[in-house]
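>>> predicted model and sequence follow; I will ask about them next.
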Amino acid sequence: MDQIKEEYGESIDMEHVADSALDEIEPGSIITGEVVSVNGEYVYVSIGAKSDGRVPLDEFKNQPSVGEKLEVKLQGTRLVDGVFQLSVKAAAQEKQWKTFMEKHPDGTGTIEGRVVSAINKGKLVDCNGFTAFLPFSLSADLKGVSSTDHEYSFVIRSIDKRKKSVLISRVEIVEEEMSQKWASFVEKYSEGSRVQGQVMKFVEFGAFVRVDGIDALLHRNDMSWKNVFNQRKILKLNETREFVILSINNETKKVSIGLKQLTSDPWENIESRLSQGSRVKGTVVNIINSGAFVELDEEVEGFVPNTELSWTKTSVPAKDVFQKSQEVELVVLSINKNEKRLQLGYRQTLDNPWETIDQRFPVGSVHKKAIRKVVSFGLFVELEPGIDGLVHVSDITWEDGRKNPEELFKAGEEVEFKVLEIRKNEMKISCGIKQLEKSPWQTVAEKYKPRTKVSGTVSGITKFGIFVKLEEKLEGMVHISEASKSRVEDLSEIFKEGDAVEAVVIGVDIKKKKISLSIKQLDIQSEKEEINKLLNETKPGAFTIGDMVNLKLGE
């Protein structure tokens with residue numbers, strides 16, 4: 001040996017000697033060996049070489065015995081701890097892969113397997129010893145399954161011989177199974193057929209029921225003739241019961257079924273049992289934001305909107321009036337047989353305080369009540385519980401300039417006011433504070449009656465007329481058409497601010513706070529007075545028509 005080392009160099013050792021015995025065995029080869037010993041970590045196997053090999057003990061389900069024959073795969077020719085590294089699992093997988101390829105040389109066909117785990121993009125399927133990959137997109141009915149002891153059939157989609165990997169699919173199997181189930185279903189059933197089905201799943205719009213392997217949709221609207229608020233009060237998960245087939249769509253392969261259709265439609269004869277205006281009794285079954293649903297009998301419900309709960313408030317939350325399971329008396333307001341809607345009223349069973357409101361608060365009557373609420377456009381005064389009157393901002397004071405009620409009044413404060421108007425149908429009452437005293441413009445109207453002569457000074461000139469100051473904070477207006485008996489094009493050519501003028505009052509508009517004046521009418525009125533004066537002073541027959549014409553012409 002020393003001579004050999006000298007001849008071939010220092011690299012020759014026991015590993016090379018052992019390798020020389022395996023010149024004809026390639027790494028990755030399958031070898032039959034014999035168990036020579038077992039410890040807590042490895043099973044040592046004789047493979048006919050000067051060195052034994054070892055297999056990790058965790059590759060065995062059951063610990064092998066000394067002398068037992070094993071098929072192992074040589075992982076490499078390099079010694080580790082003086083022995084070769086072997087694998088029983090790799091040998092089995094190699095054998096299984098060879099068997100698989102012999103059965104599926106062209107990479108097509110079907111294979112059996114069971115899901116063992118789920119990874120990032122799919123599932124790993126054990127196909128009789130080797131692992132295939134099942135993408136989530138091809139999982140079909142196994143999409144939610146992470147592992148199972150049951151074996152399923154799969155279609156081989158592709159094979160990578162180099163990587164020894166197989167891509168499989170469940171979609172084609174499921175589609176074929178469903179195709180067969182569908183063919184059997186449509187041959188056996190038709191629209192109107194009564195069937196037994198198992199409730200499989202609840203969804204927002206209904207439930208899915210399995211009928212002979214086909215999942216049919218039971219829409220919530222087809223569960224009951226009443227409104228369905230809680231599906232689980234009508235159906236239980238996994239229960240089996242009778243349904244009726246409503247439709248079968250061969251193109252989409254979808255089936256819809258019904259439960260309520262097993263009983264007659266209670267709305268068909270609704271008019272023989274109920275009439276508009278009739279009083280009924282029922283039980284509150286559900287309360288929502290806009291009102292309450294009331295069950296009148298086993299299969300008919302009506303709706304009471306918030307607007308029909310009180311006479312004194314336009315809308316009252318139903319939860320403030322009713323409680324679930326409460327028995328109530330109502331009035332039928334409307335029946336819509338086609339849409340299966342029944343509107344009910346609660347306030348109609350109560351006395352309407354608005355019918356006699358004008359007897360308690362006549363228009364023109366004066367009252368002193370507390371302010372319930374102050375808003376930007378006025379204030380609400382509480383006439384009686386539930387009934388308010390509105391004092392609009394324009395009815396607070398006669399003074400010009402918009403006032404802010406929120407700066408003048410506070411809720412709870414008592415104010416005196418007059419009832420101005422009552423609109424029963426609209427449930428509105430208008431009140432006023434300023435109407436408790438006479439309007440300043442009413443005084444103006446009484447002082448400046450039509451045809452009253454007035455004197456003032458021109459305070460403003462516009463294209464359409466002149467403003468005449470009659471007294472402090474009071475102006476009248478002479479329209480351009482009333483400025484002269486002659487046609488006037490430009491008032492500034494005749495009048496100047498500060499000019500003293502005389503005119504006659506045409507009228508006073510109290511609401512618009514305006515005084516209309518006329519200089520032209522004053523001239524005409526003066527002429528008439530002059531004529532009358534002459535007629536009264538002259539003897540009969542002494543004053544001729546010519547004299548009147550000359551007087552009119554100013555001669």
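Structure received.
>>> CA atoms for contacts and neighbours, from now on please.
OK.
>>> I'd assumed Ser256 was in a strand, is it?
Yes. With DSSP: H, G, I helix; E, B strand; the rest coil as the criterion, Ser256 is part of a strand.
>>> what number of residues lie near it?
Residues lying near Ser256 (other Cα atoms under 10 Å) number 19.
>>> equivalent analysis for Phe467, please.
21.
>>> the stretch 351-500 of the chain: strands as residue ranges?
With DSSP state E, counting those that start in this stretch as the criterion, the stretch 351-500 of the chain has strands at 366-375, 378-384, 387-392, 414-423, 428-432, 453-461, 465-471, 474-479, 500-509.
>>> tilt between the shortest one and strand 414-423?
Relative orientation of strand 428-432 versus strand 414-423 (axes from the mean of the first three to the mean of the last three Cα atoms, to 10 degrees): 130 degrees.
>>> the last one too?
In terms of direction (the same axes, to 10 degrees), strand 500-509 departs from strand 414-423 by 70 degrees.
>>> each with direction, which strands does strand 500-509 pair with?
Taking DSSP bridges as the criterion, strand 500-509 sits next to strand 453-461 (antiparallel), strand 514-518 (antiparallel) in its sheet.
>>> now the last one: mean pLDDT?
For strand 514-518, mean pLDDT rounds to 93.
>>> tell me which strands and helices the very next helix or strand once past it is in contact with?
Later in the chain than strand 514-518, the nearest helix or strand by DSSP states H and E is helix 519-537. Applying 3 or more Cα pairs under 8 Å, 6 or more residues apart in numbering; DSSP states H and E, one finds that helix 519-537 makes contact with strand 500-509.
>>> so the strand it packs on versus strand 465-471, what angle?
Using the same axes, to 10 degrees, strand 500-509 lies at 90 degrees relative to strand 465-471.
>>> list the contacts of strand 500-509.
444-445, 448-458, 468, 514-522 (Cα atoms under 8 Å, 6 or more residues apart in numbering).
>>> Gln63 contacts Val55, correct?
No. Counting by Cα atoms under 8 Å, Gln63 does not reach Val55; the two are 11.3 Å apart.
>>> of the two, who's got more company?
More crowded of Gln63 and Val55, by other Cα under 10 Å: Val55, with 22 against 12.
>>> residues touching that one, list them.
Per Cα under 8 Å, 6+ apart, neighbours of Val55: Tyr42, Val43, Tyr44, Val45, Gln85, Leu86, Ser87, Val88.
>>> from Val43, how far off is it?
Per Cα to Cα, to the nearest Å, Val55 is found 5 Å from Val43.
>>> just the buried residues from the contacts of strand 500-509, in PyMOL please.
Selection of buried members from those for PyMOL, criterion 16 or more other Cα atoms under 10 Å:
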select buried, resi 444+445+448+450+451+453+454+456+457+458+468+514+515+516+517+518+519+520+521+522
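>>> show me the contacts of Val55 that map onto helices.
Among those, the ones falling in helices (DSSP state H) are Val88.
>>> number of nearby residues for Ile506?
Residues near Ile506, counting by other Cα under 10 Å, number 20.
>>> beta partners of Tyr44?
For Tyr44, the beta-bridge partners are Ser37, Arg54 (DSSP bridges).
>>> quick one: it and Val38 touch, right?
Yes. Counting by Cα under 8 Å, Tyr44 touches Val38, with 6.1 Å between them.
>>> return the distance of Val381 relative to Ala49.
Taking Cα to Cα, one finds Val381 at 112 Å from Ala49.
>>> counting neighbours, go ahead and name the busier of those two.
When Val381 and Ala49 are compared for neighbours, Val381 comes out ahead with 27 against 14, by other Cα under 10 Å.
>>> what's the per-residue pLDDT of the more buried one here?
Taking Val381 on its own, its pLDDT is 96.
>>> repeat that for Lys463.
91.
>>> check contacts around it.
Lys463 sits next to Ile480, Asp490, Leu491 when contact means Cα under 8 Å, 6+ apart.
>>> who touches stretch 164-183?
By Cα under 8 Å, 6+ apart, the list of residues contacting stretch 164-183 reads 97, 131-135, 138-142, 153-160, 212-214, 253.
>>> and Phe154, backbone torsions?
Here is the backbone geometry of Phe154 (degrees, to the nearest 10): phi -140, psi 150.
>>> neighbours of it, how many?
Residues near Phe154, counting by other Cα under 10 Å: 25.
>>> tell me the contacts of it?
Phe154 is in contact with Thr110, Ile111, Glu112, Gly113, Ile168, Ser169, Arg170, Glu172, Ile173, counting by Cα under 8 Å, 6+ apart.
>>> go again with 7 Å.
The contact partners of Phe154, by Cα atoms under 7 Å, 6 or more residues apart in numbering, come to Thr110, Ile111, Glu112, Ile168, Ser169, Arg170, Ile173.
>>> stretch 418-434: which residues count as buried?
Buried, per 16+ other Cα under 10 Å, within stretch 418-434: 418-422, 427-434.
>>> if we can go back for a sec, top of the contacts of Lys463 by neighbour count?
Within the contacts of Lys463, most neighbours by other Cα under 10 Å means Ile480, with 21 neighbours.
>>> what bridges to the nearest residue to it once chain neighbours are set aside?
Spatially, and ignoring its direct neighbours in sequence, Ile480 is nearest to Gly465 (4.5 Å; Cα to Cα, 6 or more residues apart in numbering). In this entry, Gly465 is beta-bridged to His479, by DSSP bridges.
>>> hmm, Gly465 is touching His479, no?
Yes. Judged on Cα atoms under 7 Å, Gly465 makes contact with His479 at a distance of 4.2 Å.
>>> re the thing from before, would CSV of the strands of the stretch 351-500 of the chain with distance to Leu74 be doable?
Shown next, in CSV, are the strands of the stretch 351-500 of the chain (distance: least, Cα to Cα, whole Å):
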stretch, distance to Leu74
strand 366-375, 94
strand 378-384, 98
strand 387-392, 99
strand 414-423, 103
strand 428-432, 100
strand 453-461, 119
strand 465-471, 120
strand 474-479, 121
strand 500-509, 118
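>>> neighbour-wise, which of the contacts of Val55 leads?
Of all these, the highest neighbour tally under other Cα under 10 Å goes to Val45, namely 29 neighbours.
>>> can you tell me the closest non-neighbouring residue to it?
Using Cα to Cα, 6+ apart, the closest residue to Val45 is Val35 (4.4 Å).
>>> next up, the contacts around that neighbour.
By Cα under 7 Å, 6+ apart, the contact list for Val35 reads Val43, Tyr44, Val45, Ser46, Ser65, Val66, Gly67, Glu68, Lys69.
>>> try Phe293
Going by Cα under 7 Å, 6+ apart, Phe293 touches Val284, Val285, Asn286, Ile287, Glu301, Gly302, Phe303, Val304.
>>> which of the residues you listed fall in strands?
Taking DSSP state E as the definition of strands, the contacts of Phe293 contribute Val284, Val285, Asn286, Ile287, Glu301, Gly302, Phe303, Val304.
>>> looking at these, spot the one nearest Pro317.
Distances from Pro317 to those, taken as Cα to Cα, are shortest for Ile287 (9.3 Å).
>>> quick one: that closest one from Glu339, how far?
21 Å.
>>> so the nearest residue to Thr307 once chain neighbours are set aside, which state does it fall into?
Spatial nearest neighbour of Thr307, chain neighbours left out: Ser315 (4.5 Å); criterion: Cα to Cα, 6+ apart. Classification of Ser315 using three-state DSSP returns coil.
>>> how close does Ser315 get to Gly386?
To Gly386, Ser315 is 12 Å away according to Cα to Cα.
>>> and for Asp320?
As judged by Cα to Cα, Asp320 and Gly386 stand 15 Å apart.
>>> quick one: which of these two has more around it?
Gly386 (11 against 8).
>>> the more buried one touches Thr312, doesn't it?
Yes. Using Cα under 7 Å, Gly386 makes contact with Thr312 at a distance of 4.9 Å.
>>> for the one helix or strand Met178 maps to, what is the distance to the chain centroid?
Met178 belongs to helix 171-188 when elements are defined using DSSP H and E. Relative to its chain's centre, helix 171-188 lies at 39 Å (Cα atoms, centre = their mean, to the nearest Å).
>>> that one: what's the following helix or strand?
Following helix 171-188 in sequence order, the next helix or strand is strand 194-203 (DSSP H and E).
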